[in-house]
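**Q** Predicted coordinates and the sequence they were generated for:
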Amino acid sequence: MLDVVFHTLTQGFYFLVFAFLVRCLILLWKPSFPANAPKLVSGYPLVGAVRLYSDRRGFCRDSKAASPTGNYSYYLGRNRVVGLSGPQGRKTFFENQDLSLDQGAGLFVAFSSVAERPNDPSLETHVSYFRSTVRAALLRTQSLEFVPAAIDACTTASLNRILAKGLIDPFQELRGLNAQSSAAVFGIDEVAYSPELSKKVSDLVSDVDGTFSAADMMVPWLLNPLHIPAMMAVGRAYVMLWQIIRNRKQEHHHKRGDSKKDCMLQNLIEKGRSTRAILKIMLTSVFASQGNSPMVASWLVIWLATDAHWMARVRQEVDQVVVKHRKDGESPEEVLQALDVHSLEHEFPILEACLLESIRLAAGLLLFRKNISPTDVPIGDTGEVIPPGAFVTYDAEEANLDPGIHPNPQRWDPGRFLSDDAEHRKVLLGYTGFGTGRRKCRELIPFLVEYILTLILMARM
């Protein structure tokens, strides 16, 4: 018996060594950059510029300083990557239609390369199907009217629990609250109304977050034992959502479509979408909503709690909206709960400015794209290009923390975004937070409404 086990382990070890050597041979061959690509940053053999993983800010700063145009090229494994900076780099990154966000995710999210990605965008499992489905729903004004009531119904108990505690850890509390409210937006009531399940979802996302690193350049991720917790977390989330979708479809079938519930999940079921397509949309939504959003909201709560001036202005704004919309005998809470999406989007400019300023300071994003065109993409009039198939990165802190755009950039000051002559409007793309680009990202509207409503309720606590 021991001999069999020893033989199996030995064979497994030889297989891992063989896979590692094959990986090294693959990494030895790298497609070259064209002569008119930005200046190449030196890196380590096989793995390339892995300093990006350990010191992103320093790597981007030093690479930009060493290049005459501020743009630079580097390798991650055998992937060609172009780092952009400056006004022309920002314009190219955010406005060029040949640079794909969806395809760019493969550079840093290892398991995205094994997800099903058919070439036909009309297929339900294509990556663009999620965007088109959400965008089509949001273009109908009435499709979002359920959001305030859905969020309030599932988060009231959580907010009361937070109020009872007095002293809280916002990073922990808001992560769970975000999971609940996001599930409510998408109609996943089983998670939205269960603090236990919402905490489980948050924990599963935390297990995946930060798992992938420079080691993935050398070791195929399926063979990396460090990825086992992440793979198990994704699997558990998959099974949980699959069971929810299956049960909801069975209920819909038994009721013969007679459902008055208005939510994204119900709409997908009523349209006859496949379980696999719905599952992909829901799984993508769960992981996307649990990214930087809870962290940004937590810092926003901290900054408001420590700044009496802006807290007073936020509360004054909330009180003004309550007075404007109050009907006979309604309490402030009842007025806020009855606000429609248009009011939440347009009648809280101070709170929205607080959110934008918190994103500017706290998000710390390294944004990515991929050139999906068969030709070079020019970088403005610099004479440099992004070769076809190359990934593209942009350090959002370059603009967001630039003292030439935002004076005293480390200071939290929502007033930057309130005037008609706001700082970020003085230069091209002076603010590079969520939704920046050649068109308004309507997929972010549910999350914006979600956070504004949650923060309004917390501001009155």
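**A** Yep, that arrived. On a predicted model such as this, the values are computed, not experimentally measured, just so you know. Residues are numbered from 1 along each chain as shown.

**Q** outside of stretch 394-402, which residues touch it?
**A** With Cβ atoms under 8 Å, 6 or more residues apart in numbering as the test, stretch 394-402 has contacts from 56-57, 60, 64, 83-86, 89-90, 93, 360-361, 363-369, 405-406, 409-410, 427, 429-433. C-beta here means a position set from N, CA and C on the backbone, and glycine is covered the same way.

**Q** Now do the end-to-end distance for that stretch.
**A** 14 Å (Cα to Cα, to the nearest Å).

**Q** tell me which residues in that stretch are buried?
**A** By neighbour count on 16 or more other Cβ atoms under 10 Å, the buried set for stretch 394-402 is Y394, D395, A396, E397, E398, A399, N400, L401.

**Q** Generate a ChimeraX selection restricted to the buried subset of the contacts of stretch 394-402.
**A** In ChimeraX syntax, the buried subset of the contacts of stretch 394-402 is picked out as below (16+ other Cβ under 10 Å):
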select :60,64,83,84,85,86,89,90,93,360,361,363,364,365,366,367,368,369,405,406,409,429,430,431,432,433
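
**Q** From the contacts of stretch 394-402, which land in helices?
**A** R56, R57, C60, K64, G86, G89, R90, F93, R360, L361 (DSSP state H).

**Q** residue contacts, the nearest residue to the fifth one once chain neighbours are set aside?
**A** The shortest distance from G86 to any residue that is not its chain neighbour, by Cβ to Cβ, 6 or more residues apart in numbering, is 4.5 Å, and that residue is G70. Applying Cβ under 8 Å, 6+ apart to G70 gives the contacts K64, S85, G86, G89.

**Q** Just list the residues touching the second one, thanks.
**A** By that I understand S85. S85 touches C60, K64, G70, N71, Y394, D395, E398, counting by Cβ under 8 Å, 6+ apart.

**Q** can you tell me how far the closest residue to G383 other than its chain neighbours sits from F93?
**A** Once flanking residues are discounted, G383 sits nearest to N36: 6.3 Å by Cβ to Cβ, 6+ apart. Separation of N36 from F93 (Cβ to Cβ, to the nearest Å): 18 Å.

**Q** now D381
**A** For D381, the distance to F93 - Cβ to Cβ - is 15 Å.

**Q** quick one: low-confidence parts of the stretch 101-250 of the chain?
**A** Of all residues in the stretch 101-250 of the chain, those with pLDDT under 70 make up the ranges 106, 108-155, 207-227.

**Q** at 80 instead, please
**A** 101-168, 172-187, 189-231, 233-234, 237, 250 (pLDDT under 80).

**Q** Helices along that one, start to end?
**A** Shown for the stretch 101-250 of the chain, the helices assigned by DSSP state H, counting those that start in this stretch span residues 101-104, 127-138, 147-165, 170-186, 189-192, 195-208, 228-254.

**Q** what's the most buried one of those helices?
**A** helix 170-186 (a mean of 23; mean count of other Cβ atoms under 10 Å).

**Q** now for that one, which elements pack on it?
**A** Judged by 3 or more Cβ pairs under 8 Å, 6 or more residues apart in numbering; DSSP states H and E, helix 170-186 is in contact with helix 147-165, helix 189-192, helix 195-208, helix 264-270, helix 275-289, helix 293-305, helix 445-459.

**Q** Could you check the pLDDT of the spatially closest residue to N96 that is not a sequence neighbour?
**A** What sits nearest to N96 in space, not counting adjacent residues and going by Cβ to Cβ, 6+ apart, is V377, at 5.8 Å. We have a pLDDT of 94 for V377.

**Q** C24 now?
**A** Looking at C24, its pLDDT is 63.

**Q** in stretch 68-77, what's buried?
**A** For stretch 68-77, by 16+ other Cβ under 10 Å, it's T69, G70, N71, Y72, S73, Y74, Y75, L76, G77.

**Q** What residues does Y72 make contact with?
**A** P38, K39, L40, V41, S63, K64, A66, V82, G83.

**Q** M295 now?
**A** Neighbouring residues of M295 by Cβ under 8 Å, 6+ apart: F171, A362, A363.

**Q** I'd say the first one and L300 touch.
**A** No. In this structure, F171 sits apart from L300 without contact. The criterion is Cβ atoms under 8 Å, and the distance is 11.7 Å.

**Q** shared neighbours of those two, anything?
**A** If you check F171 and L300 against Cβ under 8 Å, 6+ apart, no residue is contacted by both.

**Q** give me the element the residue nearest to G86 is part of.
**A** Per DSSP states H and E: G70 is located in neither a helix nor a strand.

**Q** Over to S73?
**A** strand 72-76.

**Q** export that strand as CSV, just CAs?
**A** Extracted as CSV, the C-alpha positions of strand 72-76 are listed here (Å, rounded to 0.1, in the frame of the first residue of the first chain):
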residue,chain,number,x,y,z
TYR,A,72,6.4,52.5,-21.2
SER,A,73,6.4,48.8,-22.3
TYR,A,74,7.1,45.8,-20.2
TYR,A,75,6.5,42.0,-20.0
LEU,A,76,4.4,40.1,-17.5
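
**Q** JSON lines for the buried residues of stretch 68-77, including pLDDT and distance to Q97?
**A** Below are the buried residues of stretch 68-77 laid out as JSON lines (pLDDT from 0 to 100; distance: Cβ to Cβ, whole Å):
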{"residue": "T69", "pLDDT": "93", "distance to Q97": "22"}
{"residue": "G70", "pLDDT": "93", "distance to Q97": "23"}
{"residue": "N71", "pLDDT": "95", "distance to Q97": "19"}
{"residue": "Y72", "pLDDT": "95", "distance to Q97": "23"}
{"residue": "S73", "pLDDT": "94", "distance to Q97": "22"}
{"residue": "Y74", "pLDDT": "93", "distance to Q97": "24"}
{"residue": "Y75", "pLDDT": "89", "distance to Q97": "26"}
{"residue": "L76", "pLDDT": "85", "distance to Q97": "24"}
{"residue": "G77", "pLDDT": "79", "distance to Q97": "27"}
